[in-house]
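In: My questions concern the predicted model and sequence given below.
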Amino acid sequence: MKKEKLILSVIAVVFGLLVAGCGLYFFRAAKTNPNANTKTISFTSPTPTSPPSISLKLNQPKDEEVVSSKSLVVSGKTQGNAIVVIVTDSSQDVVTPSSDGEFSTTVDLDEGQNTLEITAIAPNGESVSDKMTVTFSQEEF
Amino acid sequence: MNNKNLLCLFLAASLFFILPSAYAATQPSVSSTPEDNATQIRDRLITNIASRVAQLKLVEKRGIIGKVNEVANTQITITDSQNNIRFIDVDELTKFSNPATKGAFGISDITKNSTVGILGLYNKDSRRILARFIDVISAPAIIHGGISEINNVDYTLKITTQDGRQMVADIENLTRTYSYTQKDGLLRAGFSKIKENSSIIVIGVLNKTEENRLTATRVMFFPEIPLNSK
């Protein structure tokens, strides 16, 4: 009697494993796309272009920023031997960055929207610009 | 009786390998103790507060400049300085102004292609600005490039911009001219000091009839920096 129980238990375990294995196989097969429906997409790498010799990264201000102070700090980073020209609606300034390219200066804003154009010019004449709008307003809303 | 037991054992062992995961996944966790309820309330509160904070940060003050494309009763469509189309909502609190107009000025007075400065509340979700102040303004044009030709008779400069455009800048009596050198810094200079093949920045007003012409209000030239060869 004990022997019969043992044999039937072993058969039950094997049968259970078989059913579970089949279930898992069909589940995975149903999730896989048939080869006929797959499409191979190849990406062509873009033509390499020569990187610009000058860069400009502004830390502040941010485009479309609204400030409540008339004085605005403009700071950022470019290459060390460049000059940075900051033009606003009513003023202009030329800043020489430090040897590691960091620069910072203060400009005065007019009431309302101000267009700021910050241009870094390399000694070879190459330049890069960033244009932004900064609004000076003390209106509460 | 023994056979029944064996059959039950057989079925139980078979199901043992199939059902456990599905059973575990479908079983809801039952929690009804006071501590669990308190935890649930706390989590719900945290979620609500976070949502409220996100809503508060969703709107911020912004100021933009753009050219008007279309004007409707409660909306203005503009193209901003980065060439993006922007939608501006207008309500009864929006104030309009135009320095060129002395009387009352409203949304119906704003015309297509005019340049406007807008100050309002920007919604990060809808990406629209609810305008509080709309002013008709005249934004200056700023060009930079190299001086390719100087006309000493007409007092004009032909400038090649970095993107290859040819622009003509008219120098007027009121034009302020500056020169920048490493030694002297930024100094006032005259038209005669401007040299060909050097870098220049011109700030002015674009000509309404000629697309590639502007009247210079300010000129900054850099005699030590050559015309960009690229």
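Out: On my side now, so go ahead.

In: which SS state does the residue in chain B that chain A sits nearest to fall under?
Out: Nearest residue of chain B to chain A: B:Gly63, at 2.7 Å (C-beta to the nearest C-beta). To be clear about C-beta, it is placed using only N, CA and C from the backbone, and glycine gets the same treatment. Assigned by DSSP: H, G, I helix; E, B strand; the rest coil, the conformation of B:Gly63 is strand.

In: and A:Thr106, what are its phi and psi?
Out: phi -120, psi 130 (degrees, to the nearest 10).

In: per-residue pLDDT, residue 39?
Out: By default, I'm working from chain A. A:Lys39 is assigned a predicted lDDT (pLDDT) of 51.

In: oops, I was thinking of chain B
Out: Note on B:Thr39: pLDDT of 86.

In: quick one: what helix or strand has it in it?
Out: Secondary structure assignment for B:Thr39, by DSSP states H and E: helix B:34-57.

In: biggest strand in chain B by residues?
Out: strand B:166-181 (DSSP state E).

In: Run through the neighbouring helices and strands of it.
Out: strand B:141-151, strand B:156-161, strand B:185-188, strand B:198-206, strand B:213-226 (3 or more C-beta pairs under 8 Å, 6 or more residues apart in numbering or on different chains; DSSP states H and E).

In: tell me the most buried of those?
Out: When the helices and strands packed on strand B:166-181 are scored by mean count of other C-beta atoms under 10 Å in any protein chain shown, the highest mean neighbour count falls to strand B:198-206 (a mean of 22).

In: residues in contact with the residue of chain A found nearest chain B?
Out: At 2.7 Å from chain B, A:Thr135 is the closest residue in chain A, using C-beta to the nearest C-beta. Applying C-beta atoms under 8 Å, 6 or more residues apart in numbering or on different chains, we find A:Thr135 in contact with A:64-67, A:112-114, B:62-63, B:117, B:119.

In: rewinding a little: give me the contacts around the longest strand of chain B.
Out: Everything outside strand B:166-181 that qualifies as a contact, by C-beta under 8 Å, 6+ apart, is A:83, A:85, A:92, A:94, B:143, B:145, B:148, B:154-161, B:186-191, B:193-194, B:202, B:204, B:210, B:212-224.

In: where does the chain dip in pLDDT?
Out: No chain was given, so I picked chain A. Counting by pLDDT under 70, the low-confidence segments of chain A come to A:1, A:31-52.

In: looking at chain B here, not the other one
Out: If you take pLDDT under 70 as the line, chain B has these spans: B:1-32, B:50-56, B:229-230.

In: for the residue nearest to the spatial centre of chain A, phi and psi?
Out: Ranked by distance to the mean C-alpha position of chain A (C-alpha atoms, centre = their mean), the top residue is A:Lys57 at 13.6 Å. A:Lys57 adopts backbone torsions of phi -130, psi 120, taken as degrees, to the nearest 10.

In: the strands in chain A, which residues?
Out: Using DSSP E, strands in chain A cover A:57-60, A:65-67, A:71-77, A:83-87, A:92-95, A:102-108, A:112-121, A:127-136.

In: Per the annotation, how does chain B divide into domains?
Out: If you go by automatic domain parsing, the domain ranges for chain B are B:59-136, B:141-226.

In: just chain A next, same as before
Out: Domains of chain A are assigned by automatic domain parsing as A:2-37, A:57-136.

In: For the shortest one, buried residues please.
Out: Same thing as domain A:2-37. Residues of domain A:2-37 classed as buried under the neighbour-count rule (16 or more other C-beta atoms under 10 Å in any protein chain shown) are A:12, A:16, A:20.
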